[in-house]
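Enquirer: Fold the following.
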Amino acid sequence: MRFVKYIETNLKGCFLIEPTVFGDKRGTFFEFYHKRKFEEAIGKQVNFVQDNHSISHQGVLRGLHFQTGRQAQAKLVGVVEREVLDEAFDLREDSKTFG
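Expert: Numbers count the residues shown, from 1 in each chain. Prediction:
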């Protein structure tokens with residue numbers, strides 16, 4: 001049994017992560033991120049260095065910012081409850097999916 005599905009989107013390098021949720025009388029449990037398993041699934045190393053959580057009211061717009069060079073970080077966005085509209089844009093000028 002696979003605990004997590006990693007689905008690459010049309011945007012190269014952008015993945016949808018679908019965890020398997022296990023439930024019993026105590027509640028639920030799922031593994032959302034596991035470095036080794038994720039890197040094996042996507043075929044490259046990532047550098048997640050920070051994990052933030054926010055709770056937003058309906059209609060709130062939040063943004064993640066593009067970074068380059070030594071400050072560059074991979075982005076990991078998760079939704080714990082309800083839903084989110086998450087949009088990603090390829091700003092890499094040398095990429096086939098630029099723009």
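Enquirer: Okay, strands next: where are they in this protein?
Expert: 4-8, 15-19, 22-24, 27-29 (DSSP state E).
Enquirer: Which parts of the second one count as buried, going by neighbours?
Expert: This means strand 15-19. By neighbour count on 16 or more other C-beta atoms under 10 Å, the buried set for strand 15-19 is 15, 19. Where C-beta positions appear, they are placed from N, C-alpha and C, glycine not excepted.
Enquirer: Mind checking the pLDDT average for that strand?
Expert: Mean pLDDT, computed over strand 15-19, is 85.
Enquirer: Now do that strand: which elements does it pack against?
Expert: Secondary-structure packing of strand 15-19 (3 or more C-beta pairs under 8 Å, 6 or more residues apart in numbering; DSSP states H and E): strand 4-8, helix 35-42.
Enquirer: now the residue minimising distance to the centre of the chain, nearest residue through space, not along the chain?
Expert: Centroid-nearest residue in the chain: residue 76, 3.5 Å away (criterion: C-alpha atoms, centre = their mean). What sits nearest to residue 76 in space, not counting adjacent residues and going by C-beta to C-beta, 6 or more residues apart in numbering, is residue 48, at 5.5 Å.
Enquirer: give me the low-pLDDT residue ranges for this protein?
Expert: Within the chain, the set of residues satisfying pLDDT under 70 comprises 1-2.
Enquirer: Save the strands of the chain as CSV, and put in distance to residue 94 too.
Expert: Converted to CSV, those look like this (distance: least, C-beta to C-beta, whole Å):
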stretch, distance to residue 94
strand 4-8, 19
strand 15-19, 20
strand 22-24, 42
strand 27-29, 41
